[in-house]
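> Just to be clear, the model below is a prediction. Sequence and coordinates:
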Amino acid sequence: MTNLKVKLGPLELKTPFMAASGTFGFGEEYASLVDLQDFGAVVVKGLTLKPRRGNPPPRIVETPAGMLNAIGLQNPGLEVFLSRELPRLQKSKVKVIVNIAGETEEEYVTLARELSQAGDGLAALELNVSCPNVKKGGILFGTSPSVLASLVEKVRPVCSLPLIVKLTPNVTDITETARAAESSGADILSLVNTFRGMVIDIASKRPFLGNKTGGLSGPAIRPLAVRMVYDVYASVKIPLIGMGGICTLEDSLQFFMAGASAVAVGSAIFSDPLTIPRLTAELRSYLEKEGFRSPEEIVGTAHTSGNGEEL
Ligand SMILES: Cc1cc2nc3c(=O)[nH]c(=O)nc-3n(C[C@H](O)[C@H](O)[C@H](O)COP(=O)(O)O)c2cc1C
């Protein structure tokens, strides 16, 4: 019998599918549509210490095979998350991963400390060092290996939860930041966040988004994201969560085979909120048909030849 359980270092999930940060809010809007029991985990919207209103509108625009967003980390802040959102999510028994962002190292450290003390309701923390849509913090922590290493070193001692570092693709060589995160204490890496892009509104002759630039997600980025997961898998020893344009079972299989132990689904949820339950059922059928007992048996297979030799 095929079991969909996966183990990513200290983090165990009952299936390898999770909702990507920022595409599932805190789960409330989807509660009547999907059974969160079907999810490996929900990664909540990027959380900051204080509430944030986000960027001026328009904040989203559709693009060929994808979308640009410039939400700017709108969220209710730590206090409201702990008092309102977390207790509600905990009732659904789903594993909750909190995506955190700060403008300073101290803000990340405070968030990590407070969330680590929030009891056993949290499965992991995801350090968002890759948001392209804020003026301070975010991506600025994720593009330089030394700045990233300094941040992870400060967060690690106060974080008793599994620590995920979410990498940005907006760098020349993502394996450098991946190695910096690993050597400074990350348990798991997730990749990728969105690619910085722009749409010009021909009528006004100006950038369409209120923030001028936004982050590109969806199928348009999938081959770029798969390549990055492949490269990072070959460069580090810690487990990976892959994402970028996953819509179908075949898309997710590419990420597993490139080296992801679990995957996150983001933009696809907007067009089909039932994507994760569908992929879960399809993965089970695929593994059974192919004679695999666990998704772990297909992780990283793209790195070896049919004889098991390294490619
Ligand atoms: C509207 C929107 C909001 C997002 N907000 C966040 C966020 O708060 N924190 C974060 O780490 N990533 C955020 N992301 C990035 C996604 O989690 C994911 O990394 C990216 O969209 C690629 O996956 P996809 O192509 O399946 O959407 C956001 C993406 C979208 C589309």
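Received the coordinates, thanks. Residues are numbered from 1 along each chain as shown.
> make it CA atoms for all contacts and neighbour counts henceforth
Noted.
> The ligand versus residue 207, what's the distance?
Counting by CA to the nearest ligand atom, to the nearest Å, the separation of residue 207 from the ligand is 18 Å.
> so what's that residue up against?
Contact analysis of residue 207 by CA atoms under 8 Å, 6 or more residues apart in numbering lists 198, 199, 200, 201, 213.
> Who are the contact partners of the third one?
Applying CA under 8 Å, 6+ apart, one finds that residue 200 lies in contact with 206, 207, 208.
> Please identify which of these is nearest to residue 23.
Relative to residue 23, the closest of these is residue 208; by CA to CA it sits at 21.1 Å.
> Now do the contacts for that closest one.
Counted by CA under 8 Å, 6+ apart, residue 208 has contacts 58, 198, 199, 200, 201.
> Filter the contacts of residue 200 down to the ones in strands?
Among those, the residues falling in strands (DSSP state E) are 206, 207.
> Could you list the residues of the stretch 1-150 of the chain in contact with the ligand?
Residues of the stretch 1-150 of the chain found near the ligand (CA under 6 Å from any ligand atom) are 20, 21, 22, 23, 45, 46, 69, 73, 128.
> Next, find the distance separating whichever residue of the stretch 51-200 of the chain sits closest to the ligand from residue 15.
Scanning the stretch 51-200 of the chain for the residue nearest the ligand gives residue 193, at 3.6 Å (criterion: CA to the nearest ligand atom). Using CA to CA, to the nearest Å, residue 193 is found at 21 Å from residue 15.
> Residue 225 too?
As judged by CA to CA, residue 225 and residue 15 stand 21 Å apart.
> out of these two, which sits in the more crowded spot?
Neighbours were tallied for residue 225 and for residue 15 using other CA atoms under 10 Å; the higher tally belongs to residue 225 (26 against 23).
> Can you tell me the SS state at the more buried one?
With DSSP: H, G, I helix; E, B strand; the rest coil as the basis, residue 225 sits in helix.
> Can you show me the strands along the stretch 101-250 of the chain?
Secondary structure of the stretch 101-250 of the chain by DSSP state E, counting those that start in this stretch: the strands cover 124-128, 163-166, 188-191, 195-198, 200-201, 206-207, 213-217, 240-242.
> So for the first one, mean pLDDT?
Okay, so that is strand 124-128. Average pLDDT, strand 124-128: 97.
> what's the farthest-apart pair in the contacts of residue 207?
Across those, the longest distance by CA to CA is 12.2 Å; it joins 201 and 213.
> Check whether residue 277 really touches residue 33, as I assumed.
No. Taking contacts as CA atoms under 8 Å, residue 277 lies outside contact range of residue 33: 10.9 Å.
> So what's the residue count around residue 101?
26.
> what's the distance between the helix or strand of the chain with the lowest mean pLDDT and the middle of its chain?
Ranking every helix and strand in the chain by mean pLDDT, DSSP states H and E puts helix 86-91 at the bottom, with a mean of 91. From the chain centre to the centre of helix 86-91 is a distance of 20 Å (CA atoms, centre = their mean, to the nearest Å).
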